[in-house]
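Chemist: I need the structure of the sequence given here:
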Amino acid sequence: MARNLKFNIFRFNPQERDYKPHTDTFFLEETDSMTLYIALTKIRAEHDSSLQFDFCCRAGICGACAMMINGRPDLACKTLTKELPDEITLMPLPVFKLIGDLSVDTGTWFRGINEKVGSWIHTTKTLNPDEEEEKMDNATAEEIYELERCIECGCCVASCGTANMRPDFMGAIALNRIARFMLDPRDERTEHEYFEVVGTDEGIFGCMGLLACEDVCPKNLPLQDQLGILRRKMGWSAIKHLFKFKS
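Modeler: Residues are numbered from 1 along each chain as shown. Predicted structure coming up:
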């Protein structure tokens, strides 16, 4: 027998001056293989067409449908209702600017972070479109790909205790991006240039080590591993610089 699901959904429309944040309750009969994306689509189609939430790929690739699901950030498109209790509470991700209901502006935040860490290949080489692409050994390419799988959904940021308290904290995503470019042989930045960006309380040293970022990442990225690697690399770089200075 199908369950009758109760949805408590956060509502807020900033375009209406006197609109007060609240939760609305909706009821749906659960269907086979129902995801939260399907449930929200049915609620919008059958109960309230004004409900705002984001989606794009519906396959766990774009990251647009991230939200707080019973207090935990996750993707609506990959969360099956059968994995949840009969009562489901949906809230927008914290940290990011609220657009309305379950929709938040992750794009502006991620653009700012990517600009801050210089999330592109830094090289003095001039592109020649007629030349063959630079070759890279498979092991290095696979290491880079492992970190490149981030879909910028914002779950790691929403779950981060430091990011929720401090808007200046760059978060696990920024450290992951730096780690990715440090692996890339095409990037000509020095270790010192990398650590000038993230070797501060806003970066590496601002993390409290709660592990929530890695715990909620829908792509299972090794975020805490990369933080530890960056700290070790920075420490070793400082030691090398110290001995070089003494000599």
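
Chemist: unless I'm mixing things up, residue 63 is touching residue 152, no?
Modeler: Yes. Residue 63 is within contact range of residue 152, at 5.4 Å (criterion: C-beta atoms under 8 Å). Yep, even glycine has a C-beta here, placed from its N, CA and C like the rest.

Chemist: between the two, what contacts are shared?
Modeler: Common neighbours of residue 63 and residue 152, using C-beta atoms under 8 Å, 6 or more residues apart in numbering, are residue 106.

Chemist: Please enumerate the strands of this protein.
Modeler: 4-11, 22-29, 66-69, 72-75, 87-91, 97-100, 103-105 (DSSP state E).

Chemist: Given the fifth one, what are its sheet partners and their directions?
Modeler: Applying DSSP bridges, strand 87-91 is found paired with strand 4-11 (parallel), strand 66-69 (antiparallel).

Chemist: for the record, mean pLDDT for it?
Modeler: Average pLDDT, strand 87-91: 98.

Chemist: same question, the second one
Modeler: Per-residue pLDDT values across strand 22-29 average out to 97.

Chemist: Work out the gap between it and the centre of the chain.
Modeler: Taking the mean of its C-alpha atoms, strand 22-29 sits 27 Å from the chain's own mean (C-alpha atoms, centre = their mean, to the nearest Å).

Chemist: which outside residues touch it?
Modeler: The contact list for strand 22-29 (C-beta under 8 Å, 6+ apart) reads 2-12, 39, 42-43, 47-48, 89.

Chemist: Filter the residues you listed down to the buried ones and express that as a ChimeraX selection.
Modeler: Restricted to buried positions by 16 or more other C-beta atoms under 10 Å, the ChimeraX selection for those reads:
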select :5,7,9,10,11,12,39,43,89
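
Chemist: Centroid-nearest residue for the chain?
Modeler: residue 154 (3.0 Å; C-alpha atoms, centre = their mean).

Chemist: so who does that one touch?
Modeler: By C-beta under 8 Å, 6+ apart, residue 154 lies in contact with 63, 66, 73, 93, 95-96, 104, 106, 109-110.

Chemist: Could you pull out the helices in the chain for me?
Modeler: With DSSP state H applied, the chain shows helices at 36-46, 106-117, 138-148, 155-159, 161-165, 171-183, 191-198, 212-216, 223-246, listed in chain order.

Chemist: So which of those helices is the most surrounded?
Modeler: helix 155-159 (a mean of 27; mean count of other C-beta atoms under 10 Å).

Chemist: Which residues does that helix contact?
Modeler: 66, 68, 72-75, 93-96, 109, 163-164, 171-173, 212-218, 223.
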